[in-house]
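Engineer: I'll drop the sequence and a predicted model, then ask my questions.
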Amino acid sequence: MNIERMLNMVIRMVMRRLLNKGIGAGINAMSKNKGNSNSYDQKAGGASVDPQSAAAAKDVAKRARQAARLGRRL
């Protein structure tokens, strides 16, 4: 195995880990109930999200992470 192939392998491993962390962080950020100024809830009168729908959003985010992980493996 030459040095170029080994270097490419290491670079791919590092990039894969960074990409996975970035995607996971993005999905977590989108699924959190932050209530920023552009959210639909504040425009609709400031109605808060109930715990049941927050748990459902967390479950959806978990499934999205799993699907993204599976898609990257293929």
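Structural biologist: Thanks, I have it.
Engineer: within the helices and strands, which one has the most centrally placed residue in the chain?
Structural biologist: Nearest to the mean C-alpha position of the chain, counting by Cα atoms, centre = their mean, stands residue 27 at 2.4 Å. Assessed by DSSP states H and E, residue 27 sits inside helix 3-31.
Engineer: elements contacting the strand or helix carrying residue 72?
Structural biologist: Here residue 72 is covered by helix 51-73, with elements defined by DSSP H and E. Packing contacts for helix 51-73, counted by 3 or more Cβ pairs under 8 Å, 6 or more residues apart in numbering; DSSP states H and E, involve helix 3-31. No exception for glycine: its C-beta is placed from N, CA and C like everyone else's.
Engineer: low pLDDT regions in the protein?
Structural biologist: Within the chain, the segments meeting pLDDT under 70 span 33-49.
Engineer: how many residues are close by residue 31?
Structural biologist: 17 (other Cβ atoms under 10 Å).
Engineer: surely it touches residue 55?
Structural biologist: No - under the criterion of Cβ atoms under 8 Å, residue 31 makes no contact with residue 55, lying 10.8 Å away.
Engineer: that older thread, the residue nearest to the centre of the chain is in contact with residue 65, isn't it?
Structural biologist: Yes - under the contact definition of Cβ under 8 Å, residue 27 touches residue 65, with a separation of 5.5 Å.
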